[in-house]
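Participant: The sequence isn't on hand, but the structure is:
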C-alpha cells in the first residue's frame with residue numbers, strides 16, 4: 001500500500017469512527033463492499049449494511065452481496081424498494097436515477113430510525129463526480145454521507161485497498177442497476193427488467209465478466225462485451241446457443257456492439273445541455 005493510500009485509509013477510518021453508527025446502502029459492488037467492510041472493522045455492530053431489493057437489482061449481485069456481508073461478519077438487512085411502482089421512474093426520463101435513489105435513501109433513513117443509527121451513507125467516490133448522475137441530487141436532499149468520497153478515494157484507490165484487505169471481489173467489473181439497460185424514454189416494466197436479468201445471468205454463467213445486455217424496442221438485445229471477451233462470441237456453436245437462449249426470452253434480434261462495453265453507453269445520446277438541466 002502506498003503512503004498516500006494509507007493516509008486515505010486512515011482518514012476513512014476516522015470519518016467512520018466519528019459517525020458513531022451508520023447504515024450503508026450496500027449493493028455488492030466494490031465501492032460499497034469496501035465501505036461496509038471498513039465500517040464493520042471500525043464500528044462493529046454499529047455498522048449496518050442495507051440491501052435494497054427490487055427488479056432493478058440483478059439476482060446474482062444480490063446473492064453475492066449477502067455472501068460477502070456474511071463473510072465480513074457485517075450486520076445486514078434487506079429492504080424492498082418500490083421504484084418500479086413510481087410512474088415517473090417507469091417513464092424512464094433522463095433523471096430516472098433521481099427517483100430510484102430517492103426511494104432507496106428514503107428506505108435507508110427508515111431503517112436507520114428504527115435501529116437508532118445516526119447516519120446514512122453510500123459508496124460514492126471521486127470518479128462519480130465526473131459522470132452524469134442525477135441521483136446525486138437525491139443524495140444531497142436526504143443528507144446522505146459518502147465517506148469514501150470525503151476521504152478522497154478514486155476507483156483505483158478502492159481496488160488497491162480492497163486487494164490489500166483481501167476482499168475477494170477487489171477486481172470486480174463495475175455494474176449498474178438493470179434500469180440502465182434501457183434507452184431513455186423507453187418505458188421500464190418489471191417484466192422487461194426480469195428479461196434483461198435472465199439474459200445477463202446466462203452470459204455470466206457462461207464465463208463473461210465485463211458486459212451489458214442493452215434492451216431496445218422490446219425486440220432487440222444489444223450485447224456489449226469487454227474487448228478481451230469478443231473472441232468467445234465468434235465460436236459458431238456458442239453464438240448459436242446465445243441466440244437460442246435470447247430468443248427464448250423473447251428477443252427477435254440479438255446483436256453485438258462492435259464498440260464493446262463502456263459504462264453508461266445509454267448516456268451517449270444525451271447532450272451536454274440536457275445534462276445541465278439535471279445537475
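Facilitator: Ah, there it is. Every value quoted in this text rests on a predicted model; they were computed, and no experiment measured them. Numbering: from 1, shown residues only.

Participant: So for residue 181, what's the pLDDT?
Facilitator: Note on residue 181: pLDDT of 94.

Participant: what do you get for residue 131?
Facilitator: Residue 131 carries a pLDDT score of 68 in this model.

Participant: and if you look at residue 85?
Facilitator: 82.

Participant: do you know how far it is from residue 189?
Facilitator: Distance, residue 85 to residue 189, by C-beta to C-beta, to the nearest Å: 11 Å. Heads up, the C-betas are built off the backbone N, CA and C, glycines and all.

Participant: quick one: which of these two has more around it?
Facilitator: residue 189 (14 against 11; other C-beta atoms under 10 Å).

Participant: And the more buried one, its phi and psi?
Facilitator: Phi and psi for residue 189, reported as degrees, to the nearest 10, are phi -120, psi 160.

Participant: what residues are up against it?
Facilitator: 84, 90 (C-beta atoms under 8 Å, 6 or more residues apart in numbering).

Participant: was I right about residue 216 contacting residue 181?
Facilitator: No - counting by C-beta atoms under 8 Å, residue 216 stays clear of residue 181, with 9.4 Å between them.

Participant: Of those two, which one has the most company?
Facilitator: Set side by side, residue 216 and residue 181 show more neighbours around residue 181, with 27 against 15, by other C-beta under 10 Å.

Participant: close enough to count as contact, the more buried one and residue 220?
Facilitator: No - the pair residue 181 / residue 220 is not scored as a contact, 11.9 Å apart, by C-beta under 8 Å.

Participant: Quick check: which ranges of the protein have low pLDDT?
Facilitator: Scanning the chain for pLDDT under 70 picks out 131, 274-279.

Participant: Three-state assignment for the residue most central in space within the chain, please.
Facilitator: For the chain, the residue nearest the mean C-alpha position is residue 176 (3.8 Å; C-alpha atoms, centre = their mean). Recorded secondary structure, residue 176: coil (DSSP: H, G, I helix; E, B strand; the rest coil).

Participant: can I assume it is in contact with residue 263?
Facilitator: Yes - under the criterion of C-beta under 8 Å, residue 176 makes contact with residue 263 at 7.1 Å.

Participant: In which helix or strand does residue 55 reside?
Facilitator: Following DSSP states H and E, one finds residue 55 outside all helices and strands.

Participant: That one: neighbour count?
Facilitator: With other C-beta under 10 Å as criterion, residue 55 counts 21.

Participant: May I have the phi/psi pair for it?
Facilitator: phi -70, psi -20.

Participant: what does stretch 44-54 contact?
Facilitator: Stretch 44-54 is contacted by residues 16, 20-28, 36, 39-40, 62, 65-66, 69, 74-84, 103-104, 107-108, 111-112, 115, 117 when judged by C-beta under 8 Å, 6+ apart.

Participant: In strands, which of those residues appear?
Facilitator: Those of the contacts of stretch 44-54 mapping onto strands are 22-25, 75-80, per DSSP state E.

Participant: Scan those residues and report the most crowded one.
Facilitator: The most crowded member of the ones in strands among the contacts of stretch 44-54, judged by other C-beta under 10 Å, is residue 24 (30 neighbours).

Participant: Make sure that one is actually in contact with residue 122.
Facilitator: Yes - assessed by C-beta under 8 Å, residue 24 is found in contact with residue 122 at 7.2 Å.

Participant: Find residues that contact each of those two.
Facilitator: Residues within reach of residue 24 and of residue 122 at once, by C-beta under 8 Å, 6+ apart, are 32, 35.

Participant: Run through the helices of this protein in chain order.
Facilitator: Here the chain has its helices, by DSSP state H, at 3-19, 30-43, 59-72, 87-90, 96-115, 135-141, 147-150, 155-164, 190-205, 230-233, 236-248, 272-276.

Participant: ok now the fifth one, how far from the chain's centre?
Facilitator: So the one you mean is helix 96-115. From the chain centre to the centre of helix 96-115 is a distance of 15 Å (C-alpha atoms, centre = their mean, to the nearest Å).
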